[in-house]
Each structure stands twice: as C-alpha cells, then as structure tokens.
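Participant: pasting the structure only:
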C-alpha cells in the first residue's frame, strides 16, 4: 500500500520534487503545510501586502527550483524561510522602504477599543525603531514561534547572537511602551 502525500515527512516530500511523477503532489503538500507561515513572515518583514505576496510566490518558485539541485535537506521550513528572508532583504535594499506594519496582523475585523488600537500602534512604532537584525530575530522568535536554533539558522548567526538580539529587541519595546503602561496602570 502506497503512502498518501500527507503521510510523508517534509524531507521526503522535498526529494519527491525531483521526480516528475510525484513533484506536483509533493509541492502541493509542502505548500499546504508551509504557505501561511512563509506569507506571514514576508508580510511582517515587508509591511506591504502586495509586495509580500510577490515575494511569497517567488520564494516558493525558488524553493521548487532548488529541489532540482543536488543538496542535503534536513529542515524544509527553515530552508523556505531562508529563501523568503533573502528575497525580503533584497527587496528592502532595492526599495529602501520602512518595514513592518504589525497592526495589520493583530487588529480583528471588528472595531477595537481605542486603548488597544493605541497599544498596537505603539508596538508597531517600537518595532519600526528596532535595527533590522533585532526586528527580524524578534519576529521569527516571538511571532513565528521558532526556536533560537531555527532562528539562528535562518538569519545566519549564532544562537547566542540571536538570544542577544531578541533580548535587546524586547528591552527596546519595553522602553517605548513603559510610559503608556505606567499611564494605563495609574488609572
């Protein structure tokens, strides 16, 4: 009895991309598993939905093309995010634009009370004030739920460096939010 594509590991599916007979089903399964995470990463880093969609599609195209090359694959999600990261960085370098409008990811469709909207704006501002390295490590760790090791692999830094970046990002966000939180707690 043959396995369904949903029963294969990511790594097994990646290698199936090399075979014309199994490539479409394998790609569809990998896309289903990882597309939302990759798109969310692109959207958070770039801040623009259209540009994020373009980069997201490019990332999956490059991912599919990379399966044709001889390579050892051990972590498909990290590899996909690394491709997306590189494309986002290239796009940001080319455009020299400000990044990350996080409020789009947190505001529900219904009306949000003013204090929550204000807090989300402050968080967005705090993230915009962070150096890119800190913001990227923070987003991968705190929003995407990646481990320090996975984040380090994606950003090409040591685990210790990633821990420092996330810690400093949190410090900076706390600094920006401190007056607001003191004001709210004083009510």
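Facilitator: Alright, I've got the coordinates. In this text, all values refer to a predicted model and were calculated from it rather than measured experimentally. Numbers count the residues shown, from 1 in each chain.
Participant: And residue 80, how close does it get to residue 86?
Facilitator: 11 Å (CB to CB, to the nearest Å). (Glycine included, C-beta is placed from N, CA and C.)
Participant: Looking only at neighbour counts, state which of those two leads.
Facilitator: A direct count of neighbours by other CB atoms under 10 Å for residue 80 and residue 86 places residue 80 higher, at 26 against 15.
Participant: Show me where this structure has its helices.
Facilitator: 10-16, 20-46, 49-66, 76-95, 103-106, 114-129, 132-138, 148-155, 159-185 (DSSP state H).
Participant: Go through these and name the closest to residue 4.
Facilitator: Distance to residue 4, taken as CB to CB, is lowest for helix 20-46 among these, at 8.9 Å.
Participant: among the helices and strands of this protein, which one scores worst on average pLDDT?
Facilitator: helix 103-106 (a mean of 47; mean pLDDT, DSSP states H and E).
Participant: count of neighbours near residue 50?
Facilitator: Residues lying near residue 50 (other CB under 10 Å) number 8.
Participant: which residues touch the residue nearest in space to the middle of the chain?
Facilitator: Centroid-nearest residue in the chain: residue 41, 2.4 Å away (criterion: CA atoms, centre = their mean). Going by CB atoms under 8 Å, 6 or more residues apart in numbering, residue 41 touches 81, 84, 85, 88, 139, 140, 144.
Participant: Any of those residues buried? List them.
Facilitator: Those of the contacts of residue 41 that meet the buried threshold are 81, 84, 85, 88, 139, 140, 144, by 16 or more other CB atoms under 10 Å.
Participant: Looking at those, which one is closest to residue 16?
Facilitator: residue 81 (20.6 Å).
Participant: Surely that closest one touches residue 140?
Facilitator: Yes. Assessed by CB atoms under 8 Å, residue 81 is found in contact with residue 140 at 7.4 Å.
Participant: tell me how far stretch 56-67 is from the chain's mean position?
Facilitator: How far stretch 56-67 lies from its chain's middle: 16 Å, per CA atoms, centre = their mean, to the nearest Å.
Participant: May I see the buried residues of that stretch?
Facilitator: Residues of stretch 56-67 classed as buried: 56, 58, 59, 60, 63, 67 (neighbour count, 16+ other CB under 10 Å).
Participant: again, but for stretch 36-54
Facilitator: The neighbour-count check on stretch 36-54 (16+ other CB under 10 Å) flags 37-48, 51-52 as buried.
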